[in-house]
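*Asks:* Predicted structure and sequence below. I'll ask about it afterward.
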Amino acid sequence: MKQIISSSAISGSITPPCSKSYAQRALAVALLADGESTIGNLELCDDTRSAIRCIEALGAEVTLIDDSTIRVRGGLAPRTDRLHIGESGLATRLFTPIASLHNQPITINGEGTILYRPISMMIDPLRQLGVEVRDGGGFLPIQVCGPMQGGEVAVDGSISSQFLTGLLLSLPMAQNDTTIYVKNLKSLPYVDMTIDTARRFGVEIAHKDYCEFFIEGNQHYTATDYMIEGDWSGAAPMFVAGAVAGEVTVENISRLSLQADTAIIDALISAGAEVESTDNAITVRHRRLKAFEFDATHCPDLFPALVALAANCEGTSTIYGTERLLHKESNRAATLAEEYAKAGIEVDIDEQNIMRVRGGKIHGCTADSHGDHRIAMSMAIAALTANAPITIEGAECVAKSYPSFFDDLEQLRSK
């Protein structure tokens, strides 16, 4: 699908989809919980649908109550020996450990770019925990057969914290206590989200400075009613739209959230945008924007929105942490440089993994999403201040996280 976006001032308010990071965690724990959980404010993007299919395949009974609420009766009892996780990196690294709790061999596979994203960091730790693993050379498909026993295990957190999330949520169900030793952990806020989700279902996870995690075995999750909060990853490009092209209010969102991408507000303020917060809404207004420095090591999903912001700033902005972008839906650092070059914006990445974006006049062009939802959204925001329309090819990929993105953006455009 092609989407053509012309320059426009914007004004108004939107409500972003639910946080798919929280949604997938809540669905996974509801599968493991005793009894029936109700999960509300659920937006059925592609990744959330994949998670629902996974928990049903692993034994949960899922009932749709209304358009945004489901009931989940927990119980790990696999109905199949194959688990299809779609194109979701979190689902891969979350449901592989959960499947490893059972003594039935289960093969996990997916589609699209997920088949090229590494899973080698999971293999040795799972084996250390007593799981039989057959892998495809460090990529999907992977077959696991438990039950996972617990014990002591070392995990490399330098590529992603998602596998750690899978272990933290599954190991309370293991027979033995577990200590996880983690080195080079990135994306700390996502780990806080995991611990918060477990706590809300009645399980406590302790840690020492995010280097050692202590999980008591033989625990039981308790079913609960759980409301998914708004998604900061989806809100971020809309906030940038307000900063560069007018005024945007994002509702059903709080700065007190544990989500990593709340950090977008710091970048916006640093760039000179006006930010106004209430308990459940945030407004961002355009002001003269200047170059900024920002460390995105713990919030790598912000890079595409940050580049759209930097392209509209006076001077050269510096963003740290590009090493986190290699194994996303695309190689995001290289993809951002390639696509923004088409629009006349210089994006350089040096040998220290520092990205520098030289702000300037944005030109109309035809951009390729590379099947990456966040690239598509970034180019759409850049188009709001371009000197000619930007055509985005493969724009349907926004369905992965924010199916109504282009509808919401159109709603904000001035007529």
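*Replies:* All right, it came through fine. Bear in mind that the values here come from a model prediction, so they are computed numbers and not experimental data.
*Asks:* what ranges do the strands span in the stretch 151-300 of the chain?
*Replies:* 151-156, 178-183, 206-208, 212-215, 225-227, 246-251, 274-277, 281-285, 293-295 (DSSP state E, counting those that start in this stretch).
*Asks:* Could you say which one of these comes nearest to residue 27?
*Replies:* For these, proximity to residue 27 was assessed by CB to CB; strand 225-227 is nearest, at 9.4 Å. Bear in mind the C-beta positions are built from the backbone N, C-alpha and C, glycine included.
*Asks:* same question for the closest one, mean pLDDT?
*Replies:* For strand 225-227, the mean pLDDT works out to 98.
*Asks:* Could you do stretch 308-325 as well?
*Replies:* The model assigns stretch 308-325 a mean pLDDT of 91.
*Asks:* quick one: buried residues of it?
*Replies:* 308-313, 317, 319, 321-325 (16 or more other CB atoms under 10 Å).
*Asks:* okay if I get the strands of the stretch 151-300 of the chain as a markdown table plus mean neighbour count and distance to residue 413?
*Replies:* Shown next, in a markdown table, are the strands of the stretch 151-300 of the chain (neighbours: other CB atoms under 10 Å; distance: least, CB to CB, whole Å):
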| stretch | mean neighbour count | distance to residue 413 |
| --- | --- | --- |
| strand 151-156 | 16 | 45 |
| strand 178-183 | 17 | 45 |
| strand 206-208 | 12 | 45 |
| strand 212-215 | 18 | 46 |
| strand 225-227 | 16 | 30 |
| strand 246-251 | 21 | 9 |
| strand 274-277 | 14 | 20 |
| strand 281-285 | 20 | 16 |
| strand 293-295 | 16 | 27 |
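*Asks:* Take the buried residues of stretch 308-325 and keep only those in strands.
*Replies:* Assigned to strands by DSSP state E, the following of the buried residues of stretch 308-325 qualify: 317, 319.
*Asks:* biggest separation within the buried residues of stretch 308-325, which pair?
*Replies:* Using CB to CB, the buried residues of stretch 308-325 span at most 25.3 Å, a distance reached by 312 and 323.
*Asks:* so where do the strands sit in the stretch 301-415 of the chain?
*Replies:* Using DSSP E, counting those that start in this stretch, strands in the stretch 301-415 of the chain cover 316-320, 346-349, 354-358, 365-368, 390-393.
*Asks:* what's the second one packed up against?
*Replies:* Taking 3 or more CB pairs under 8 Å, 6 or more residues apart in numbering; DSSP states H and E as the contact definition, the neighbouring helices and strands of strand 346-349 are helix 332-342, strand 354-358.
*Asks:* Starting from it, tell me which strands it pairs with and how they run.
*Replies:* Strand 346-349 has these partner strands in its sheet, going by DSSP bridges: strand 354-358 (antiparallel).
*Asks:* Other residues contacting the strand it pairs with?
*Replies:* 303, 306-307, 310-311, 313, 315-320, 322, 333, 336, 340, 345-350 (CB atoms under 8 Å, 6 or more residues apart in numbering).
*Asks:* what about 6 Å?
*Replies:* In this structure, residues lying in contact with strand 354-358 by CB atoms under 6 Å, 6 or more residues apart in numbering are 307, 310, 316, 317, 318, 319, 320, 322, 346, 347, 348, 349.
*Asks:* follow-up on the earlier one: any chance of the buried residues of stretch 308-325 in TSV, plus distance to residue 54?
*Replies:* As requested, the buried residues of stretch 308-325 are arranged in TSV below (distance: CB to CB, whole Å):
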residue	distance to residue 54
308	32
309	35
310	37
311	38
312	39
313	41
317	39
319	34
321	30
322	31
323	29
324	25
325	26
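*Asks:* Return the closest of the buried residues of stretch 308-325 with respect to residue 379.
*Replies:* residue 308 (7.8 Å).
*Asks:* what sits against the closest one?
*Replies:* By CB under 6 Å, 6+ apart, residue 308 lies in contact with 240, 378, 381, 382.
*Asks:* Residue 293 too?
*Replies:* Residue 293 touches residue 318, counting by CB under 6 Å, 6+ apart.
*Asks:* which non-adjacent residue is nearest residue 144?
*Replies:* Excluding its sequence neighbours, the residue lying closest to residue 144 (CB to CB, 6 or more residues apart in numbering) is residue 100, at 4.5 Å.
*Asks:* Which ones among the buried residues of stretch 308-325 map onto helices?
*Replies:* Of the buried residues of stretch 308-325, the ones assigned to helices by DSSP state H are 308, 309, 310, 311.
*Asks:* who wins for proximity to residue 66 among the strands of the stretch 301-415 of the chain?
*Replies:* Of those, nearest to residue 66 by CB to CB is strand 390-393, at 32.5 Å.
*Asks:* Any stretches of the stretch 301-415 of the chain with poor pLDDT?
*Replies:* 324-330, 414-415 (pLDDT under 70).
*Asks:* ah, wrong one, I meant the chain
*Replies:* For the chain (pLDDT under 70), the answer is 324-330, 414-415.
*Asks:* mind giving me the domain ranges of it?
*Replies:* The chain breaks down by automatic domain parsing into domains covering 2-17+230-412, 20-217.
*Asks:* Columns distance to residue 224 on top of these, output as a markdown table?
*Replies:* Listed next are the domains of the chain as a markdown table, based on distance: least, CB to CB, whole Å:
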| stretch | distance to residue 224 |
| --- | --- |
| domain 2-17+230-412 | 17 |
| domain 20-217 | 6 |
